[in-house]
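Participant: Test case, fold it:
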Amino acid sequence: MTQTTSSRPRRRGRLFPEYTIPPEELARREAEKKARCQKARSVFDQICPELIDEHYNWFIMIEPNSGDYFIDPDEEVAYQKARQKYSKGWLVTFRLNETGTCGMI
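Facilitator: The predicted structure follows:
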């Protein structure tokens, strides 16, 4: 019995190398994301003490550029409220509690 071997070399690497994002672009995106989060966090820190007593553990969606926020006990409803006014753009989600976190890790 003879064994046949494949003469075709194995290819290693990306499937679509033309879609590789350069490291500079990745760094720029990360910096923008951190800036958005800092803006939203500052808005959250300002309004949280006012809302936490009446709306404890509700979800809050914040649009970082304008500072507008939308609250609801259901995350999906808060998201829909925010999308009615801001159909495109970034939204940051917090929960009205001591830390602002939305779930468990």
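
Participant: What pLDDT does the model give the spatially closest residue to residue 20 that is not a sequence neighbour?
Facilitator: Once flanking residues are discounted, residue 20 sits nearest to residue 14: 6.4 Å by C-beta to C-beta, 6 or more residues apart in numbering. All C-beta atoms are positioned from the backbone trio N, CA, C, and that covers glycine. pLDDT for residue 14: 71.

Participant: longest single helix anywhere in the protein?
Facilitator: helix 23-51 (DSSP state H).

Participant: sorry, back to before: which SS class is the residue nearest to residue 20?
Facilitator: Assigned state for residue 14: coil (three-state reduction, DSSP: H, G, I helix; E, B strand; the rest coil).

Participant: hang on, the earlier thing: buried residues in the longest helix of the chain, which are they?
Facilitator: Neighbour-count burial for helix 23-51, counted by 16 or more other C-beta atoms under 10 Å, picks out 36, 39, 40, 43, 44, 47, 48.

Participant: ok now do the nearest residue to the second one once chain neighbours are set aside, which residues does it touch?
Facilitator: Sequence neighbours aside, residue 64 is the residue nearest to residue 39 in space, at 3.9 Å (criterion: C-beta to C-beta, 6+ apart). By C-beta atoms under 8 Å, 6 or more residues apart in numbering, the contact set of residue 64 is 36, 37, 39, 40, 43, 90, 92.
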